[in-house]
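Trainee: Quick one, what's the 3D model for this:
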Amino acid sequence: MMIASHQPEYLPYIGLCYKAMSCDIFMFLDHVQYCKGQFQNRNKIRINHGESGWIWLTVPVIIEGRSTQRINEAEINNVVNWNEKHFKLIGADYRGTPFSRIIFPF
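Mentor: Have a look, this model is predicted:
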């Protein structure tokens with residue numbers, strides 16, 4: 001029997017799907033300490049404009065006074081309009097790619 005775990009990430013890489021499908025039991029390891037500045041609340045995507053070709057997308061998390069919080073205790077700061085900004089960036093750069101007409105209306 002193969003068991004695998006993975007800490008939750010924002011926009012995880014495609015290998016996570018393969019990892020989950022390749023084992024008998026898969027679990028998200030979300031009861032460990034949340035680490036600011038890791039992939040738990042941010043990730044970078046490739047873009048077609050700009051010098052670097054990459055841009056970081058970060059979901060704001062309330063961390064003040066919560067330095068020892070676990071991942072499953074982390075709260076998203078929805079005072080910041082982050083989700084609309086992320087959707088527009090992703091839509092602008094990935095529109096016209098294969099399957100975008102199926103995914104974006106969803």
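
Trainee: distance between stretch 92-106 and the chain's centre?
Mentor: Counting by Cα atoms, centre = their mean, to the nearest Å, stretch 92-106 is centred 18 Å from the centre of its parent chain.

Trainee: Give me the residues contacting that stretch.
Mentor: 45, 46, 47, 48, 49, 91 (Cβ atoms under 8 Å, 6 or more residues apart in numbering). In this view, the C-beta of every residue, glycine as well, is placed from N, C-alpha and C.

Trainee: 10 Å - rerun?
Mentor: 45, 46, 47, 48, 49, 55, 87, 90, 91 (Cβ atoms under 10 Å, 6 or more residues apart in numbering).

Trainee: any idea of the pLDDT on the third one?
Mentor: What it means is residue 47. Looking at residue 47, its pLDDT reads 80.

Trainee: Check residue 81 too.
Mentor: Here the pLDDT value assigned to residue 81 is 92.

Trainee: circling back to that earlier point, just give me the closest of the contacts of stretch 92-106 to residue 32.
Mentor: Nearest to residue 32 among the contacts of stretch 92-106 is residue 45, at 25.5 Å by Cβ to Cβ.

Trainee: May I have the strands that pair with the helix or strand hosting that closest one, each with its orientation?
Mentor: Using DSSP states H and E, residue 45 sits within strand 42-46. When pairing is defined by DSSP bridges, strand 42-46 lines up against strand 54-58 (antiparallel).

Trainee: other SSEs contacting whatever helix or strand comes next after the partner strand?
Mentor: Per DSSP H and E, the first helix or strand lying C-terminal to strand 54-58 is strand 61-62. Secondary-structure packing of strand 61-62 (3 or more Cβ pairs under 10 Å, 6 or more residues apart in numbering; DSSP states H and E): strand 75-76.
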